[in-house]
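Peer 1: From the sequence below, what's the structure:
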Amino acid sequence: MNTKDKQKLLAYLKSQHLIFLASSSQNPWIATLYFAVDDNFDIYFISESKSLHGKNILDNKKVSCGIADSKQKVNEEKIGVQLAGVASEITDENEIRYALALWNASNPGLEKIINFDNLYKINTNVYIIRPTLIKFFNEKLYGQEGFRILKNKIEAQFLFKGLIDLESLPDKSLNKYISVGYFKEKNPDGNPAYFYVHKVIVKGKTIDNATRLLSKKLKKGWYAVFWNNNSSYFIFKNKIIKVSYNWTADEFKKVTRYATSVGIKNIHFLHIKKSMENW
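Peer 2: Okay, the predicted model is just below:
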């Protein structure tokens, strides 16, 4: 599947809300679930801990799924998806937060119920489906009975935490960055009095794409930071500086020296490590 078709497939998946999940252990079972999908074609859903499909997935991770709008008429140009993949329960806290933020963005209205702090109370688990093959039927694009197939190689994906102030973005939109909350931080310069800093998570094989895109988008005189357990990436307009997560004084001088050169005072970095640790 070429890049253009992948983009159309992803746009279609993001336009839908219900997935038909087929799982099996001793006996096959099908369930209808609300879902969300990220830009890596990973699909997330939530379900009660005691659900039959959840128990099946514990025994057999291989699943197949269908996605289609049931209101389509038989004589219309039809569109839909069939896929095969591997499903599993998510146990990593950061990925759970990422999945819930994505799920709530796709299925708004239950944020006060479907959230990280409430999962245990409502006996709900979070799951991921990593497709290995996606068959995209689209008669409007590909003709009658026309389809394209995406063979998806499952590769390791990494999660990176981040801090971004919406004021640093020209359109004040996080777009591809999944926000899992924000906090109010006093501006040491005093104007404006406070910053509203979003806690974000990005996901991918590497951090390169996310940092590069943000570096192009940031306003001059602002910065953002992404990190994992190994590295931190300080992002400025058209500039990225990588240091270790537990950076040395000399490493951090590279950051503050460059920041000063583009008009960012060192005072803005006094509490950055604390903000990262309290993310």
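
Peer 1: hey, let's count contacts and neighbours off CA atoms from now on
Peer 2: OK.

Peer 1: From the centre of this protein, point out the most distant residue.
Peer 2: Asn75 (36.6 Å; Cα atoms, centre = their mean).

Peer 1: name the element that residue belongs to?
Peer 2: If you go by DSSP states H and E, Asn75 is not part of any helix or strand.

Peer 1: So for Gly54, what's the pLDDT?
Peer 2: Each residue has a pLDDT score; the one for Gly54 is 95.

Peer 1: Ser47 is in contact with that one, correct?
Peer 2: Yes: counting by Cα atoms under 8 Å, Gly54 does reach Ser47; the two are 7.4 Å apart.

Peer 1: Compare those two (neighbour count), which wins?
Peer 2: Gly54 (22 against 18; other Cα atoms under 10 Å).

Peer 1: Distance check, that one against Leu18.
Peer 2: Gly54 sits 17 Å away from Leu18, going by Cα to Cα, to the nearest Å.

Peer 1: same deal with Leu9?
Peer 2: From Leu9 across to Leu18, the span is 15 Å (Cα to Cα).

Peer 1: and the two? which has more neighbours close in?
Peer 2: Leu9 (24 against 19).

Peer 1: bridging residues for the residue nearest to that one when sequence neighbours are not counted?
Peer 2: In space, and not counting its chain neighbours, Leu9 is closest to Phe136: 6.8 Å by Cα to Cα, 6 or more residues apart in numbering. Beta bridges link Phe136 to Val81, Arg148 when assigned by DSSP bridges.

Peer 1: Tell me how many other residues surround Phe136.
Peer 2: 25.

Peer 1: what's the helix or strand for Trp222?
Peer 2: Trp222 belongs to no helix or strand, assigned by DSSP H and E.

Peer 1: To clarify, my last question referred to Asn229.
Peer 2: Using DSSP H and E, no element contains Asn229; it sits outside every helix and strand.

Peer 1: Touching, it and Trp247? I think so.
Peer 2: No: using Cα under 8 Å, Asn229 is not in contact with Trp247; the gap is 11.5 Å.

Peer 1: more neighbours, those two?
Peer 2: Neighbours per residue (other Cα under 10 Å) separate Asn229 from Trp247, with Trp247 holding more: 15 against 10.
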